[in-house]
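In: Sequence and predicted model, in that order:
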Amino acid sequence: MEVAVLPMTVPCIALTAGLIVFVTAWCLVLIKRNITTTPPCNKADARLPPGSRGLPIIGETLAFFARSPSLDLHAFFERRRRRTNIILEDLIVSLDPDVNNFVFQHEGKLFQMWYPDSAMKIIGADSIVTTLGSLYKHIRNLVLRFFGLENLREALLHEVQKTAQASLLSWLNQPSIEFKEAVSSMIFSVTAKKIISYDSATSDGKMWKHYDAFTRGLLSFPLCIPGTAFYKCIQGRKNVMKMLKELLDERRTKAGGCPESIDFIDVLVDELKEEKPAMNESTALDLVFLLLFTSFETTASAITVVLTFLTNNPKALQELTEEHEHIQKRKADPNSEITWEEYKSMKFTSHIIHEALRLANIAPGMFRKATEDVQIKGFSIPKGSKIMICPSAIHLDPVVYKDPNIFNPWRWKDIAELVGSASRDFMAFGGGLRLCVGADFAKLQMSIFLHCLVTKYSWKAIKGGTMVLSPVLLFPEGFHIQLLPKA
Ligand code: HEM
């Protein structure tokens, strides 16, 4: 057993897969795949997790950031998986599924969400991430009014389908499109319409441009001086926030619109107008900023991963296509929209999505803080310790998933259907109380997009498509494809 204390700069995909954050922190790395189960111990007997300090100042930063040329477990984690090795002071990196599960199960009691200050600078100091207790529940319910199952069924199913069809058609005559960029913009137009009534056809594209600058800078070195990508990222956020503030002020002075055209920002304006508002303006604006961002960046990455796997797996593509052609054939009117029941019948599609998310580990780390002294498996985690939960350890565990590095959507046929998008062995959307609020929406968008794609089109890979972990998922050369009409 050893203790690893790492002063390091940690990039993490914070909330969702898209929230890539640079963090400068002193970290203790706890990583342990095979911690021996010890009998319940007295607090006095419990040991701090073992590990080792890295180099002075930089700790194990370089190893953590090193680019891994595949989706296999990142070398930084793999090395530690074989050791009994926990954290210590500020950051415990947990690769242990029992510990991960324990933390999720005790959310709000023994642990609470925590992200480092530098991450909060990017996602907003008053974001949903920092909210706790009844305010958190209130905000989560507000978000679910727009992105929960009822609204998915009543409104978003239709809107997602319409947008996917129009986007695919617009890509058809182009010699090459960078797929992730194109999908990001498509998704942004759906979610931004719901959140701020953004109309991609009439907009001047400024907000999308600022978000784009923000996203590109997220993976850069956090040096905030003019000219650097990180500086542009921060400027991108400032510009978006300015636009959102102007929009909020404008809506405040307007009389209420008709119920059908109410968007998320209208709901927030009503909240702020209350005599004792549950949230303040800053919380409202940070929420809108985060929702807009997470909703497109994460899902676009996920769809790109799916397309990459399908390109290299003709058998999976064929079974997927058959599933959707079957749905199409059973329709009385082939041009009618996908119904909720048809969407729910897309079983193989959901296997593809879960398999891609399992392998891609779009959100490689989730951060929590211990609010009490906690004993887990014979180790002591002192109150105030910060923990990074790493789902890739379980997603790539050969005991849980046979041949874990192989894309095998068929394995999901033997796995019990997930209740609420997560299980002890599947944490792509997190777990516990803080489970991703957009999980159902993301899966719906992916499924409907795939339906529209495989029933009408085929594609040819032109360039790129390589996926690497750094430790966040990257497409260093993008993924350029040509969309073709189906033969
Ligand atoms: C494939 C797509 C997505 C993935 C892989 C993903 C992943 C995640 C993960 C792992 C978390 C938990 C973070 C933590 O526990 O620290 C999370 C939280 C969150 N996600 Fe997603 N997400 C996706 C799509 C979306 C979408 C479409 C939305 C917006 C509609 C969204 C909004 C959020 C929000 C607001 C939270 C914070 C929830 C809370 O604190 O309770 N995500 N996501």
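Out: Right, received. Where do you want to start? Numbering: from 1, shown residues only.
In: Work out for me the element residue 134 sits within.
Out: Here residue 134 sits within helix 133-147, counting by DSSP states H and E.
In: Flag every buried residue along that helix.
Out: 136, 139, 140, 142, 143, 144, 146, 147 (16 or more other C-beta atoms under 10 Å). No exception for glycine: its C-beta is placed from N, CA and C like everyone else's.
In: For the closest residue to the ligand within the chain, which non-adjacent residue is spatially closest?
Out: For the chain, the residue closest to the ligand is residue 438, as judged by C-beta to the nearest ligand atom, at 2.2 Å. Nearest residue to residue 438, sequence neighbours excluded (C-beta to C-beta, 6 or more residues apart in numbering): residue 147, at 5.4 Å.
In: Tell me the spacing between that neighbour and residue 328.
Out: Counting by C-beta to C-beta, to the nearest Å, the separation of residue 147 from residue 328 is 27 Å.
In: Repeat that for residue 355.
Out: For residue 355, the distance to residue 328 - C-beta to C-beta - is 23 Å.
In: Likewise for residue 316?
Out: In this view, residue 316 and residue 328 are 19 Å apart by C-beta to C-beta.
In: who's more crowded, the two?
Out: residue 316 (20 against 15; other C-beta atoms under 10 Å).
In: doesn't residue 304 fall inside a strand?
Out: No. Counting by DSSP: H, G, I helix; E, B strand; the rest coil, residue 304 is not part of a strand but helix.
In: Count the residues that sit near it.
Out: Residue 304: 27 neighbours (other C-beta under 10 Å).
In: Report the contact partners of it.
Out: Counting by C-beta atoms under 8 Å, 6 or more residues apart in numbering, residue 304 touches 179, 180, 183, 475, 479.
In: How much space separates it from residue 215?
Out: 14 Å.
In: sorry, back to before: I'd like to know which of the buried residues of helix 133-147 is nearest to residue 467.
Out: The closest of the buried residues of helix 133-147 to residue 467 turns out to be residue 147 (C-beta to C-beta; 26.9 Å).
In: if I look at the closest one, how far off is residue 439?
Out: 9 Å.
In: next one: residue 315
Out: Taking C-beta to C-beta, one finds residue 315 at 27 Å from residue 439.
In: now swap in residue 350 and tell me
Out: 12 Å.
In: What of residue 419?
Out: Distance of residue 419 to residue 439, computed by C-beta to C-beta: 12 Å.
In: For these two, indicate the residue with more neighbours.
Out: residue 439 (20 against 7).
In: For that one, which residues are in contact?
Out: So, once contact is read as C-beta under 8 Å, 6+ apart, residue 439 ends up touching 420, 421, 422, 429.
In: ok, residue 183 - how many residues close by?
Out: Neighbours of residue 183 (other C-beta under 10 Å): 26.
In: Check residue 422 too.
Out: 19.
In: For it, list the residues it contacts.
Out: Contacts of residue 422 (C-beta under 8 Å, 6+ apart): 428, 429, 430, 431, 435, 439.
In: and what of residue 265?
Out: Counting by C-beta under 8 Å, 6+ apart, residue 265 has contacts 195, 196, 197, 244, 247, 248, 251, 288.
In: Just these: which are in helices?
Out: Among these, the ones falling in helices (DSSP state H) are 195, 196, 244, 247, 248, 251, 288.
In: In JSON lines: those residues, plus distance to the ligand, pLDDT and neighbour count.
Out: Listed next are these as JSON lines, based on distance: C-beta to the nearest ligand atom, whole Å; pLDDT from 0 to 100; neighbours: other C-beta atoms under 10 Å:
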{"residue": "195", "distance to the ligand": "9", "pLDDT": "93", "neighbour count": "24"}
{"residue": "196", "distance to the ligand": "13", "pLDDT": "91", "neighbour count": "21"}
{"residue": "244", "distance to the ligand": "16", "pLDDT": "93", "neighbour count": "21"}
{"residue": "247", "distance to the ligand": "18", "pLDDT": "91", "neighbour count": "19"}
{"residue": "248", "distance to the ligand": "18", "pLDDT": "93", "neighbour count": "18"}
{"residue": "251", "distance to the ligand": "20", "pLDDT": "89", "neighbour count": "19"}
{"residue": "288", "distance to the ligand": "11", "pLDDT": "94", "neighbour count": "24"}
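In: Need the phi and psi values for the residue of the chain closest to the ligand.
Out: Residue 438 adopts backbone torsions of phi -110, psi 10, taken as degrees, to the nearest 10.
In: Cross-check the contact I'm expecting between it and residue 295.
Out: Yes. At 5.8 Å, residue 438 and residue 295 qualify as touching, with contact defined as C-beta atoms under 8 Å.
In: Quick one: mean pLDDT over the helix holding residue 134.
Out: Per-residue pLDDT over helix 133-147 has a mean of 92.
In: how far is the next helix or strand after that helix from where the chain is centred?
Out: Per DSSP H and E, the first helix or strand lying C-terminal to helix 133-147 is helix 149-151. On the basis of C-alpha atoms, centre = their mean, to the nearest Å, helix 149-151 sits 20 Å off its chain's mean C-alpha point.
In: If you count neighbours, what's buried in helix 149-151?
Out: So, applying 16+ other C-beta under 10 Å, buried residues of helix 149-151: residue 151.
In: got a list of contacts for that helix?
Out: With C-beta under 8 Å, 6+ apart, helix 149-151 has contacts from 145, 440.
In: do that helix and the ligand meet at all?
Out: No. Helix 149-151 does not reach the ligand (C-beta under 6 Å from any ligand atom); its nearest approach is 10.9 Å.
In: Residue 277 belongs to a strand?
Out: No. Per three-state DSSP, residue 277 lies outside any strand segment and is coil.
In: tell me, how many neighbours does it end up with?
Out: Residues within reach of residue 277, counting by other C-beta under 10 Å, total 14.
In: Just give the closest residue to it, not the sequence neighbours.
Out: residue 271 (5.5 Å).
In: doesn't residue 281 make contact with the one you found?
Out: No. Between residue 271 and residue 281 there is no contact, the gap being 10.0 Å when judged by C-beta under 8 Å.
In: Now do the shared contacts for residue 438 and residue 295.
Out: Common neighbours of residue 438 and residue 295, using C-beta under 8 Å, 6+ apart, are residue 147.
In: Tell me which stretches of the stretch 101-250 of the chain form strands.
Out: Applying DSSP state E, counting those that start in this stretch to the stretch 101-250 of the chain gives strands spanning 111-113, 177-178.
In: From the chain's centre, how far out is the last one? Work that out for me.
Out: So the one you mean is strand 177-178. 22 Å.
In: Stretch 361-377 now?
Out: The answer for stretch 361-377 is 17 Å, by C-alpha atoms, centre = their mean.
In: and that stretch with the ligand, contact?
Out: Yes. Against the ligand, stretch 361-377 shows contacts by C-beta under 6 Å from any ligand atom at 362, 363, 366.
In: Buried ones in stretch 317-337, by neighbour count?
Out: 317, 319, 320, 321, 323, 324, 327.
In: And for stretch 452-461?
Out: 452, 453, 454, 456, 459.
In: and those residues, which of them are in strands?
Out: residue 459 (DSSP state E).
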